[in-house]
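Visitor: just to be clear, the model below is a prediction. Sequence and coordinates:
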Amino acid sequence: MNNLLFMLSDFGTSDTYVAQMKAVILSECSGSAAIVDLTHDVKAGSVSEGAFHLFVSLKSIPAGSVVVAVIDPGVGTARRGVVCEVEGAFFVGPDNGLFGLLPITRSWKLPDPQTGSSSTFHGRDVFAAAGARLVVDPGWVDFLEPIENEDLVPSAIEMPMLEDGGLKVTVAHIDIFGNIVLWLPPSSAFHPVELQLPNGRIEPVTEVKTYAEHTDVLFLQGSQGLMEIAVSCGSASELLGLCTGDRILLIKERNR
């Protein structure tokens, strides 16, 4: 086990919520944990967006690490807290679909919150404390109640689907540059020449390998291992009016 602890939340940085969680972690670990922030700017309550960030970050998380992820609109309700083992790392957080895209090998239920814990801030009082304990003692999971992986809440992600002579795909994420990341892995068999927006508007797309190859709307494989819609030196999201969760149709052949 290493001392790396990764954090993800929708808490932002304008309040002290993230700092309070880090204080708990460092206190429990006697200052020995090395904390890495994945992001704290997930849209408030967006479990699917949090699941996306965990999915694309997995390749960068070494075995032996701990990840504390808190996107928890059901905080304080009967939803349970869990620990999931994924490729040798432990993921700690609510069982609400946040970990549903990960290749989980084993999972456990966290103990109920201790008396005096806040019913609205399990990130600090439950998940941060559990993550810190796993950094110090990964064998703690042997004392937790096992959960069958199939009993975990799945992620509510709409995957690609053949429809209307094209491929219907979901916008997974809009990055800081306005690039539109799709829930679509690379394929040598599908090469769209147009896309249809939710309002019915049709836009031509050009398949490229880099952002600088063309000046119009681009279709390319991004750094996160998924296909993207982009505009060179511009924001594809602003140009096309797309947001996370929107569904678009990729058209392989032009409609005439």
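Guide: It's in.
Visitor: tell me the confidence at residue 254?
Guide: pLDDT for residue 254: 54.
Visitor: repeat that for residue 51.
Guide: pLDDT, residue 51: 96.
Visitor: how deep is it tucked in, by neighbour count?
Guide: 25 (other CB atoms under 10 Å). Placement of C-beta: from N, CA and C, glycine included.
Visitor: Three-state assignment for residue 23, please.
Guide: helix (DSSP: H, G, I helix; E, B strand; the rest coil).
Visitor: wait, I meant residue 107
Guide: strand.
Visitor: so what's it up against?
Guide: 82, 83, 84, 85, 146, 147, 148, 149, 152 (CB atoms under 8 Å, 6 or more residues apart in numbering).
Visitor: ditto for residue 80
Guide: By CB under 8 Å, 6+ apart, the contact set of residue 80 is 94, 95, 109, 110.
Visitor: again with residue 38
Guide: Applying CB under 8 Å, 6+ apart, the residues contacting residue 38 are 6, 7, 8, 53, 54, 57, 67.
Visitor: go again with 10 Å.
Guide: For residue 38, the contact set (CB atoms under 10 Å, 6 or more residues apart in numbering) comprises 6-9, 50, 53-54, 56-57, 60-61, 67-69.
Visitor: and it, helix, strand or coil?
Guide: strand.
Visitor: do residue 15 as well
Guide: In three-state terms, and counting by three-state DSSP, residue 15 is coil.
Visitor: any low-confidence regions in this structure?
Guide: Within the chain, the segments meeting pLDDT under 70 span 1, 253-256.
Visitor: tell me where it has helices.
Guide: 17-28, 47-57, 122, 129-136, 236-240 (DSSP state H).
Visitor: relative to residue 167, which of those is closest?
Guide: helix 236-240 (16.7 Å; CB to CB).
Visitor: list the contacts of the closest one.
Guide: 171, 174-175, 177-180, 195, 197-199, 201, 203, 205, 216-218, 228-231, 242-244, 246, 248.
Visitor: quick check: buried residues in that helix?
Guide: For helix 236-240, burial by neighbour count (16 or more other CB atoms under 10 Å) applies to 236, 237, 239, 240.
Visitor: chain center to that helix: distance?
Guide: Distance of helix 236-240 from its chain centroid, counting by CA atoms, centre = their mean, to the nearest Å, is 22 Å.
Visitor: do stretch 131-148 as well
Guide: Its chain's C-alpha centre and that of stretch 131-148 lie 23 Å apart, by CA atoms, centre = their mean.
Visitor: check contacts around the nearest residue to residue 215 once chain neighbours are set aside.
Guide: Closest residue to residue 215 apart from its sequence neighbours, by CB to CB, 6 or more residues apart in numbering: residue 232 at 5.6 Å. Counting by CB under 10 Å, 6+ apart, residue 232 touches 208, 210, 211, 212, 213, 214, 215, 216, 217, 218.
Visitor: what's the closest of these to residue 118?
Guide: Checking these one by one against residue 118 (CB to CB), the nearest turns out to be residue 211, at 44.6 Å.
Visitor: that older thread, make JSON lines out of the contacts of residue 80 and add neighbour count and distance to residue 189.
Guide: Putting the contacts of residue 80 into JSON lines (neighbours: other CB atoms under 10 Å; distance: CB to CB, whole Å) gives the following:
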{"residue": "94", "neighbour count": "27", "distance to residue 189": "37"}
{"residue": "95", "neighbour count": "20", "distance to residue 189": "36"}
{"residue": "109", "neighbour count": "15", "distance to residue 189": "42"}
{"residue": "110", "neighbour count": "20", "distance to residue 189": "43"}
